[in-house]
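*Asks:* For reference, the sequence and a predicted model appear below.
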Amino acid sequence: MSKISRLPGIGCKFYIQGKCIYEEFLNPGLEIRWRCSVLLFMEKEYDKLLRQAEAFKLDEKVVSGIWDERVADQRLISMACAGRDASYPECSALHGDICMLALPECDGVCSKYSPEEND
């Protein structure tokens, strides 16, 4: 007897890069483990810079300059990330602030299958 396998979810509005975004679609941002670790790190660093700026009463222009230097230095961006290829500055696994590598694989056409809406 032959084994029957599911078709890929291509054409489903929840199918992106071989991953299923259904759960993220239902509750955006709920699963912190799906968020990009580099963006989370940068958010924490920026918040820390703002607290320091407030403590030292730095003006907005100075703070902006400090942040630009840190980002330009790539001290923050050069973090190790499984989805980032060092030869490309942009992350191909990033969808909004979600890391596509962290999302579950698409099991194929399933009960949640919803056709893409053509605008």
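*Replies:* Everything's here; your move.

*Asks:* what packs against the lengthiest helix in the chain?
*Replies:* If you go by DSSP state H, the chain has its longest helix at helix 37-55. Contact here means 3 or more C-beta pairs under 8 Å, 6 or more residues apart in numbering; DSSP states H and E; on that basis helix 37-55 packs against helix 60-73. All C-beta atoms are positioned from the backbone trio N, CA, C, and that covers glycine.

*Asks:* so how far is the helix it packs on off the chain centroid?
*Replies:* 23 Å (C-alpha atoms, centre = their mean, to the nearest Å).

*Asks:* Could I get the average pLDDT for it?
*Replies:* For helix 60-73, mean pLDDT is 86.

*Asks:* Direction included, what does the next helix or strand after that helix pair against?
*Replies:* Next along the chain after helix 60-73, taking DSSP states H and E as the criterion, comes strand 94-95. Its sheet considered, strand 94-95 pairs with strand 98-99 (antiparallel) by DSSP bridges.

*Asks:* what separates the longest helix of the chain from the chain centre, distance-wise?
*Replies:* For helix 37-55 - counting by C-alpha atoms, centre = their mean - the centre lies 18 Å from the chain centre.

*Asks:* And stretch 22-34, by the same measure?
*Replies:* For stretch 22-34, the distance to the chain centre is 11 Å (C-alpha atoms, centre = their mean).
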